[in-house]
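A.B. asks: Return atomic coordinates for the entry below.
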Amino acid sequence: MLKQTVSHQLSKIVLPHYQELPNIDLYMDQVIDQVNQFLVPLTNTAITKSMINSYVKNGLVARPVKKRYSRDHIATILVISILKQILSLDSVAGAIKIALTLKPLAKAYDQFITVVNSELKKAAKTPVSAEQYQTIAIQSLLYKLIVEDVIRQSVSN
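C.D. replies: Model (predicted):
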């Protein structure tokens with residue numbers, strides 16, 4: 001049996017747009033299930049109750065209403081969970097702040113998801129040779145530094 005490459009596995013992932021997120025408010029365990037069905041295949045990490053509570057406590061996610069989380073909560077948790085793989089939580093908070101000054105949450109989320117889904121589709125079309133991985137690794141580092149600088153400058157203005 002031929003083993004699938006990570007890029008092939010990633011190319012099969014499609015994250016939901018805003019209107020595809022649950023339209024009813026969910027309890028914590030339901031939110032965890034919703035988020036993890038997309039997050040785990042993408043990042044190999046799962047969101048936990050303590051992580052969500054920490055995001056709420058630190059103001060990254062709005063407080064739930066009567067212990068229930070809305071579509072906006074789920075969208076925000078998904079974005080945080082993806083971005084925190086490469087950025088500090090302070091940088092993630094800054095990125096979200098910038099996005100929400102430019103667009104309402106639903107539109108900002110959809111823009112983010114469209115980019116993620118586009119890059120996921122490209123993943124299968126990008127075979128990585130032993131020589132190319134170094135370039136990709138260095139580009140990742142440089143782009144991370146650039147993104148953090150843009151966020152820092154935007155938030156301080």
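A.B. asks: Next one: residue 7 from residue 103, what distance?
C.D. replies: Counting by Cβ to Cβ, to the nearest Å, the separation of residue 7 from residue 103 is 30 Å. To be clear about C-beta, it is placed using only N, CA and C from the backbone, and glycine gets the same treatment.
A.B. asks: Check residue 22 too.
C.D. replies: For residue 22, the distance to residue 103 (Cβ to Cβ) stands at 21 Å.
A.B. asks: do residue 48 as well
C.D. replies: Residue 48 is 29 Å from residue 103, by Cβ to Cβ.
A.B. asks: At the geometric centre of the chain, which residue sits there?
C.D. replies: By Cα atoms, centre = their mean, the chain has its centre lying nearest to residue 82, at 2.6 Å.
A.B. asks: In a helix, it, correct?
C.D. replies: Yes: under DSSP: H, G, I helix; E, B strand; the rest coil, residue 82 sits within a helix.
A.B. asks: What separation is there between it and residue 9?
C.D. replies: Separation of residue 82 from residue 9 (Cβ to Cβ): 16 Å.
A.B. asks: Can you tell me the number of residues neighbouring residue 114?
C.D. replies: Here the count is done by other Cβ atoms under 10 Å, and residue 114 has 12 residues near it.
A.B. asks: got the CA coordinates for stretch 51-63 in PDB?
C.D. replies: What follows is stretch 51-63, C-alpha atoms only, in PDB (Å, rounded to 0.1, in the frame of the first residue of the first chain):
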ATOM      1  CA  MET A  51      -7.400  26.500  25.800                       C
ATOM      2  CA  ILE A  52     -10.800  28.000  24.900                       C
ATOM      3  CA  ASN A  53     -11.200  29.200  28.500                       C
ATOM      4  CA  SER A  54      -7.700  30.800  28.300                       C
ATOM      5  CA  TYR A  55      -8.700  32.600  25.000                       C
ATOM      6  CA  VAL A  56     -11.800  33.900  26.600                       C
ATOM      7  CA  LYS A  57     -10.000  35.000  29.800                       C
ATOM      8  CA  ASN A  58      -7.300  36.800  27.700                       C
ATOM      9  CA  GLY A  59      -9.900  38.600  25.600                       C
ATOM     10  CA  LEU A  60      -9.100  36.700  22.300                       C
ATOM     11  CA  VAL A  61     -12.600  35.200  22.200                       C
ATOM     12  CA  ALA A  62     -15.800  36.900  23.500                       C
ATOM     13  CA  ARG A  63     -17.400  35.500  26.600                       C
END
